[in-house]
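Chemist: sequence isn't available, so here's the structure alone:
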Ligand code: AMP
Ligand code: ZN
């Protein structure tokens, strides 16, 4: 598999450090609010990556943190703690907020077919690990104490701006623009590893440390949790593109300063979901959640499908119209699978391998999910027998997780369960007679009458088919507009 590595800015062949075992670390959510569908785009694409690696026969050990302390509203170590902000907003304690939104996050993940990582680690459960690493960084002269806080000295690593996406000059421009400067820092890019009460007196959660009672910075948590659970060498680190700087840049600086060697080989970054007014973000306060999609009648898996139609390295614009287009395309795909559901017979090995290659070639090429969906269409169009086509689609959906076979099964079995009423069948027969004598105008009239009774009639290769018109997976935009009025 070839994967784009943000560190080298190239597609590289993905080879794990240990044979057949891949370690993967994911920056988890900051649990001060619901995850928005932008955050979830990132988790959907990371889920596809994990599932594809597993599909190819490797075991994936994946760890995710839960940021329940230390993430400030500004990445420049200034502003409020986001968790505290959430607690104040809802008049609850920080721990109550963390528990509520952590559960809400995993409920959303379940609805989107995102597999929960084997290990989920709240930052507040690892304070002693952070203290151990920070102490060692002070000892080896990569960190210093100033004004009651502990800072990482970014002038110490041989190369601090490892991703090359941001430079020291960019930061200097930010400062000229009036960003408040922390005068404790030796260098502009230095970042806090540990805050003491001297800086934020209203912080609710504080712990004792060799530097005073306080709390950890955000960046140190991911380094420590990753090293604790996945060891000194990491295969893949994931996150949204906004995490490249400063979060992942700082993670690399401190982890490698602590370990004394290279830490992580591959950096997988998912580009943003944007709205017409820019990046969807929790702090802006206006964002869409999975529950909101459901309230509007959308199946969450259609949102997953919508995400997979675009490459993860392209920003994706969310509009209701774009989502509706995805719905139409999803429904068409499911409709094509329905006739395969009762396919009998043996799977043809040759055809299976030949068509599977279209799918693996797509994902091997930097996880090209939209081409992987095209591969499903190729299977449906192919001359392979129905049992082989169905087996292939089931196999692909182990990775894509869009639930197309289950959706098709539901439609298929519903037809079985409910016989078509006699009065509808009488009209169907009348229509068939009309067609026989080429009275097409009458046949059309009868078809419309059948439709008005909630049934559709189609000519297929097997003969005339009558089935109940399913309520679509979502209502269309126009219907919603009517409703809004
Ligand atoms: P947070 O809960 O803010 O810590 O973010 C959780 C994950 O969502 C991180 O990997 C972010 O990089 C990612 N993220 C934040 N905003 C977006 C967005 N608009 N589109 C895609 N991913 C995002
Ligand atoms: Zn992180």
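Modeler: Received it, and whenever you're ready, just let me know what you need. Because the structure is a prediction, the values reported are computed rather than measured. Numbers count the residues shown, from 1 in each chain. Ligands and ions are numbered 1, 2, ... in the order given.

Chemist: which segments of the protein make up each domain?
Modeler: 2-279, 296-413, 422-469 (automatic domain parsing).

Chemist: closest one to residue 290 among these?
Modeler: Smallest distance to residue 290 across the domains of the chain (Cβ to Cβ): 4.4 Å, for domain 2-279. In short, each C-beta sits where N, CA and C put it, glycine included.

Chemist: chain center to the closest one: distance?
Modeler: Relative to its parent chain, domain 2-279 has a centroid offset of 17 Å by Cα atoms, centre = their mean, to the nearest Å.

Chemist: does it come close to ligand 1?
Modeler: Yes - using Cβ under 6 Å from any ligand atom, domain 2-279 reaches ligand 1 at 27, 29-30, 38-39, 41-42, 67, 239-240, 242-243, 270, 272-273, 279.

Chemist: most widely separated two among those?
Modeler: Maximum distance among those (Cβ to Cβ): 19.5 Å, for 67 and 273.

Chemist: contacts only, for the residue of the stretch 51-200 of the chain found nearest ligand 1.
Modeler: Scanning the stretch 51-200 of the chain for the residue nearest ligand 1 gives residue 67, at 5.7 Å (criterion: Cβ to the nearest ligand atom). When contacts are counted by Cβ atoms under 8 Å, 6 or more residues apart in numbering, residue 67 touches 27, 28, 29, 30, 31, 82, 83, 123, 218, 221.

Chemist: related to what we said a few turns ago, make TSV from the domains of the chain and add mean pLDDT to it.
Modeler: Below are those laid out as TSV (pLDDT from 0 to 100):
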stretch	mean pLDDT
domain 2-279	91
domain 296-413	96
domain 422-469	87
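
Chemist: just so I know, which of those lies nearest residue 289?
Modeler: Closest among the domains of the chain, using Cβ to Cβ: domain 2-279, at 4.7 Å.

Chemist: do a quick rundown of the helices in the stretch 301-450 of the chain.
Modeler: For the stretch 301-450 of the chain, applying DSSP state H, counting those that start in this stretch gives helices covering 320-337, 349-364, 369-381, 386-400, 404-417, 422-436, 440-452.

Chemist: which of the ones you listed sits most buried?
Modeler: Highest mean neighbour count of the helices of the stretch 301-450 of the chain: helix 386-400, a mean of 21 (counted as mean count of other Cβ atoms under 10 Å).

Chemist: helices or strands next to it in the packing?
Modeler: Contacts defined by 3 or more Cβ pairs under 8 Å, 6 or more residues apart in numbering; DSSP states H and E place helix 386-400 against helix 37-55, helix 349-364, helix 369-381, helix 404-417.

Chemist: looking at the contacts of residue 67, which one is closest to residue 465?
Modeler: residue 29 (46.3 Å).

Chemist: for the closest one, grab the count of nearby residues.
Modeler: Using other Cβ atoms under 10 Å, residue 29 is surrounded by 28 other residues.

Chemist: please apply the same query to the one 10 residues further on.
Modeler: The local packing count at residue 39 equals 24, with neighbours defined by other Cβ under 10 Å.

Chemist: residues in this structure within reach of ligand 2, list them.
Modeler: The chain comes close to ligand 2 at residues 27, 222, as judged by Cβ under 5 Å from the ion.

Chemist: what's near enough to touch residue 370?
Modeler: Residues in contact with residue 370 (Cβ under 8 Å, 6+ apart) are 308, 309, 310, 311.

Chemist: switch to 10 Å and redo it
Modeler: Taking Cβ atoms under 10 Å, 6 or more residues apart in numbering, we find residue 370 in contact with 308, 309, 310, 311, 314, 362.

Chemist: same check, this time on residue 59
Modeler: Applying Cβ under 10 Å, 6+ apart to residue 59 gives the contacts 16, 18, 20, 21, 22, 23, 53.

Chemist: which of those are buried? Put it as a PyMOL command.
Modeler: Command for PyMOL that selects the buried part of the contacts of residue 59, burial taken from 16 or more other Cβ atoms under 10 Å:
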select buried, resi 16+22+23+53
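
Chemist: so which of the contacts of residue 59 are in strands?
Modeler: Using DSSP state E, the members of the contacts of residue 59 that fall in strands are 21, 22, 23.

Chemist: give me the residue from the stretch 101-250 of the chain nearest ligand 2.
Modeler: In the stretch 101-250 of the chain, the residue that lies nearest ligand 2 is residue 222 (3.2 Å; Cβ to the ion).

Chemist: which non-adjacent residue is nearest that residue?
Modeler: Distances taken as Cβ to Cβ, 6 or more residues apart in numbering place residue 251 nearest to residue 222, at 5.3 Å, with adjacent residues excluded.

Chemist: list the buried residues of whatever helix or strand the one you found lives in.
Modeler: Element membership for residue 251, per DSSP states H and E: helix 249-259. Using 16+ other Cβ under 10 Å as the test for burial, helix 249-259 gives 249, 250, 251, 252, 253, 254, 255, 256, 257, 258.

Chemist: would CSV of those with distance to residue 402 be doable?
Modeler: Compiled in CSV, the buried residues of helix 249-259 are given as follows (distance: Cβ to Cβ, whole Å):
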residue, distance to residue 402
249, 34
250, 36
251, 32
252, 34
253, 39
254, 38
255, 35
256, 39
257, 42
258, 41
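
Chemist: what is the nearest of these to residue 344?
Modeler: When those are compared against residue 344 (criterion: Cβ to Cβ), the nearest one is residue 251, at 53.2 Å.

Chemist: quick check: that closest one touching residue 223?
Modeler: Yes - Residue 251 lies in contact with residue 223 (Cβ atoms under 10 Å); the separation is 4.9 Å.

Chemist: and for these two, which residues touch both?
Modeler: Between them, residue 251 and residue 223 share the contacting residues 25, 237, 263, 264, judged by Cβ under 10 Å, 6+ apart.

Chemist: pull the contacting residues for the second one.
Modeler: To tie it back to what came earlier, the one meant is residue 237. Going by Cβ under 10 Å, 6+ apart, residue 237 touches 6-7, 23-27, 222-223, 226, 230, 243, 248, 251-252, 255, 263-269.

Chemist: try residue 52
Modeler: So residue 52 contacts 1, 58, 60, 359-360, 363-364, 367, 369, 372, 398-400 (Cβ under 10 Å, 6+ apart).

Chemist: part of a strand, is residue 215?
Modeler: Yes - looking at residue 215 with DSSP: H, G, I helix; E, B strand; the rest coil, it is inside a strand.

Chemist: kind regards, and thank you for your time.
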